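# no FASTA, just this:
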């Protein structure tokens, strides 16, 4: 069992309860998509799985280890084996793409090598290869602030691909890309996961993409798991129930403004 | 319904803060005995006029110029050596005093845990102590310890400026976006590496310009400390003032002007190179 949540609850600092008593088991080299409406707790769930947020209650096991019972040093070593792709990758605007990608291996490198890499990139071919898979190798020496949102997302993905983790978690990894690029990027991720026996969990807001690329679909709503089914078993009715929103009311259509031409005498 | 939609919740706090600032300004004007009418009184004007008139022409004898050059170099050396020593203390202290290296903050939405916050206080206390004693006092102390000369100036600048640099560096580290560093910590990187990759690129220009500005301040401070015998242009200024040599004072002031101008251009050049 690669990822295991037992009765996990998470309350944010502002008092919002993001997850309630979630139980989840994900096996090695499974490919799972998480779908659900905005604010349902998809990001919180992925952050808890990535050990980026500490759950208030319950237990998290990653790669056979209880992440929050470990010492800080052991937990950092465990975290180096987990990769999290952020929806808007937090990259310093003035950092060069090559440095941002190579930073994926900071967990495996010593301090000396990390600092040397800051002065002169040590593995330019490696960074170029990771970017080339996402069709971005021409931006190798650009600064992050020169890139668009979709390009930044691909830099974030390239960093995690370069990190080569055993568990790959992706929080809306293709939300800022056009449909063709999103399709391509997701298939790169899935192919990478299959080839290297990596466990892949991705949250997506595009249901068609989730159904097309992933074998197991988890629907999250109000911090709870609504369904956890194979992709073939997810039907229209379930999706309507997942995305139902009573708060939203379409605004009444305003009548076209009446313009009266008063002829001047 | 209408009042709820049109009211800005920030209005009242902003108004109160403005009133508080005004209320604090009045007593400070009274307490500092500020009275601008003194400046336009005729006798004080003629007194100032006589003082300034003695400044012309600036002294430019070959002997004095050589003396000036030597004092300028000494002032630059005092400021630079003092800053270098200050940085040795300020950089580690600022890292300890800020949340930038906090591992617990990365998994607690930016808030370090209780122990980490408690540990930061002693470091902050040391920084406060270092900068709360003015450099002139340190200089007087060191002049007694190591004798007249630039060494006292270097030590005084190193101590006071490490306190200032450490405090401001720590604030600069905290004022920037922490998420890049947190993301790196969450993927297993070490604290110092996460700092260098996640925070340093964002703050480098600001750190540099503040450091150059402080270097400029150190040049001016070394002048003040020259009055108590800590060497440099200040000592020369003290001598010239005592001898009522207005022309020499003018030359010294012009030298300051050039030095500050130089520091300003250096800062611009470095910022432009880094941008």
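Now that the structure is in, tell me what you want to look at. Note that the coordinates shown come from a computational prediction; the quantities given were computed from them, not determined experimentally.
# list the contacts for residue A:155?
By CB atoms under 8 Å, 6 or more residues apart in numbering or on different chains, the contact list for residue A:155 reads A:89, A:91, A:97, A:100-101, A:131, A:136, A:139, A:144, A:147. C-beta here means a position set from N, CA and C on the backbone, and glycine is covered the same way.
# can we see that at 6 Å?
Residues near residue A:155 by CB atoms under 6 Å, 6 or more residues apart in numbering or on different chains: A:97, A:100.
# that one: what secondary structure?
Secondary structure for residue A:155, judged by DSSP: H, G, I helix; E, B strand; the rest coil, is helix.
# give me the pLDDT for residue 34.
You didn't pick a chain, so chain A it is. On the pLDDT scale, residue A:34 is placed at 94.
# I was thinking of chain B, sorry if that wasn't clear
Predicted confidence (pLDDT) for residue B:34: 79.
# would you map the helices across the chain?
Assuming you mean chain A. Ranges of helices in chain A, per DSSP state H, are A:42-49, A:72-79, A:97-102, A:111-119, A:124-132, A:149-163, A:179-195, A:207-213, A:236-243.
# sorry, should have said chain B
B:2-6, B:11-31, B:37-40, B:42-53, B:62-97, B:103-106, B:114-132, B:135-146, B:150-175, B:179-186, B:191-198, B:200-226, B:233-242, B:246-274.
# bridging residues for the closest residue to residue A:85 other than its chain neighbours?
Residue nearest to residue A:85 in three dimensions, not counting chain neighbours: residue A:170, with 4.1 Å by CB to CB, 6 or more residues apart in numbering or on different chains. With DSSP bridges applied, residue A:170 shows beta-bridge pairing to residue A:85, residue A:202.
# give me every residue in the stretch 51-200 of chain B lying close to chain A.
By the rule CB under 6 Å from any CB of the partner chain, the part of the stretch 51-200 of chain B lying against chain A is B:103, B:107, B:109, B:179-180, B:183-184, B:186-190, B:192-193, B:196-197.
# go again with 7 Å.
Residues of the stretch 51-200 of chain B lying close to chain A (CB under 7 Å from any CB of the partner chain) are B:103, B:107-109, B:179-180, B:183-184, B:186-190, B:192-193, B:196-198.
# in chain B, which residue sits closest to chain A?
Of all residues in chain B, residue B:188 sits closest to chain A, at 2.7 Å by CB to the nearest CB.
# please report phi then psi for that residue.
Phi and psi for residue B:188, reported as degrees, to the nearest 10, are phi 90, psi 10.
# next: residue A:141.
According to degrees, to the nearest 10, the main-chain angles of residue A:141 amount to phi -110, psi 20.
# check contacts around the residue nearest to residue A:85.
Contacts of residue A:170 were listed using CB atoms under 7 Å, 6 or more residues apart in numbering or on different chains, and they are A:85, A:189, A:202.
# what's the residue in the stretch 151-265 of chain A positioned nearest to chain B in contact with, if anything?
Relative to chain B, the nearest point of the stretch 151-265 of chain A is residue A:163 (6.4 Å; CB to the nearest CB). For residue A:163, the contact set (CB under 7 Å, 6+ apart) comprises A:83, A:104-105, B:187.
# switch the cut-off to 8 Å
A:80, A:83, A:104-105, A:107-108, B:187 are the contacts of residue A:163 under CB under 8 Å, 6+ apart.
# what about it, distance to residue B:219?
Residue A:163 sits 47 Å away from residue B:219, going by CB to CB, to the nearest Å.
# select, from the contacts of residue A:163, the two members most distant in space.
Greatest spacing in those, by CB to CB: A:83 and A:108 (11.7 Å).
# residues touching stretch B:112-119, excluding its own?
B:96, B:99, B:102, B:104-105, B:120.
# could you export these as TSV, including neighbour count and pLDDT?
TSV is the format used below for these (neighbours: other CB atoms under 10 Å in any protein chain shown; pLDDT from 0 to 100):
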residue	neighbour count	pLDDT
B:96	18	91
B:99	18	84
B:102	22	82
B:104	17	80
B:105	20	78
B:120	17	86
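# before we move on, back to that, give me the more crowded residue out of residue A:83 and residue A:108.
Shown here are residue A:83 and residue A:108; by other CB atoms under 10 Å in any protein chain shown, residue A:83 has more neighbours (27 against 16).
# for that one, which non-adjacent residue is closest in space?
In space, residue A:83 is closest to residue A:165, 3.5 Å off (CB to CB, 6+ apart).
# same question for residue B:216.
Nearest residue to residue B:216, sequence neighbours excluded (CB to CB, 6+ apart): residue B:263, at 3.8 Å.
# now swap in residue B:130 and tell me
Spatially, and ignoring its direct neighbours in sequence, residue B:130 is nearest to residue B:163 (3.1 Å; CB to CB, 6+ apart).
# shouldn't that neighbour be in contact with residue B:129?
Yes - using CB atoms under 8 Å, residue B:163 is in contact with residue B:129, at 7.3 Å.
# of these two, who's got more company?
Counted by other CB under 10 Å, residue B:163 and residue B:129 do not tie: residue B:163 has more neighbours, with 21 against 11.
# dump the residue contacts of the more buried one.
Taking CB under 8 Å, 6+ apart, we find residue B:163 in contact with B:90, B:126-132.
# and of the helices of chain B, who's closest to residue A:207?
Closest among the helices of chain B, once you apply CB to CB, is helix B:179-186, at 27.5 Å.
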